[in-house]
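Asks: mind looking at a prediction? Sequence and model below.
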Amino acid sequence: MQDTLHLVCPACGQLNRVPRARLAEAPICGTCKDGLLPTHPVGLDDARFERYVTRNDLPVVVDFWAAWCGPCKAMAPVFERAAAEYAGRVLFAKLDTDAAPRSAGTHGIRSIPTLIVFRQGREVARQAGALDAARLRAFLQAA
């Protein structure tokens, strides 16, 4: 197990090294001083997607969604609560497939919402369709 984790700042994109033992101390970015472990999903676009999912040492769960999608809207509060519940252990991000078609296409998104769990850039789990809180927890534990 690594003693130091690499975390990408959700605000400025800077890569930060954080001692694992200090994760509970709400680490901040050395560049912009923003928090590195948000309690809400981080909005990604094509420009920021790859760096955020490949350079973070914590798992990153990405919700691929669109504004016009009813099931996406229904699942959004569940995803938001999970981000707060898992803060410091898992990072949560959202990618609007209409605004970021390159990233959605690269990862073969055919239906939304689709959740993908990434570990250091590799896809380790995928789930298509909206999930309630219990099913989301089960999905995260299995990943």
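Replies: Sure thing, it's come through.
Asks: pLDDT (mean, whole number) over the longest helix seen in the chain?
Replies: Longest helix in the chain, counting residues (DSSP state H): helix 70-85. Helix 70-85 comes out with an average pLDDT of 97.
Asks: helix or strand next in line after that helix, which one?
Replies: Per DSSP states H and E, helix 70-85 leads on to strand 91-96 as the next helix or strand towards the C-terminus.
Asks: who does that following strand touch, helix- and strand-wise?
Replies: Here strand 91-96 touches strand 42-44, helix 46-55, strand 60-65, helix 70-85, going by 3 or more C-beta pairs under 8 Å, 6 or more residues apart in numbering; DSSP states H and E. (Glycine included, C-beta is placed from N, CA and C.)
Asks: surely Phe118 touches His107?
Replies: No - applying C-beta atoms under 8 Å as the test, Phe118 and His107 come out as separate, 9.3 Å apart.
Asks: okay, those two: which has more neighbours?
Replies: The residue with more neighbours, out of Phe118 and His107, is Phe118; 21 against 18, by other C-beta atoms under 10 Å.
Asks: which pLDDT value goes with that one?
Replies: 98.
Asks: list the beta-bridge partners for it.
Replies: Bridge pairing for Phe118 (DSSP bridges) gives the partners Val60, Glu123.
Asks: tell me how far it lies from Gly70.
Replies: Counting by C-beta to C-beta, to the nearest Å, the gap from Phe118 to Gly70 is 26 Å.
Asks: again, but for His6
Replies: As judged by C-beta to C-beta, His6 and Gly70 stand 37 Å apart.
Asks: with neighbour numbers in mind, choose between the two.
Replies: Comparing His6 with Gly70 by other C-beta under 10 Å, the one with more neighbours is His6, at 14 against 8.
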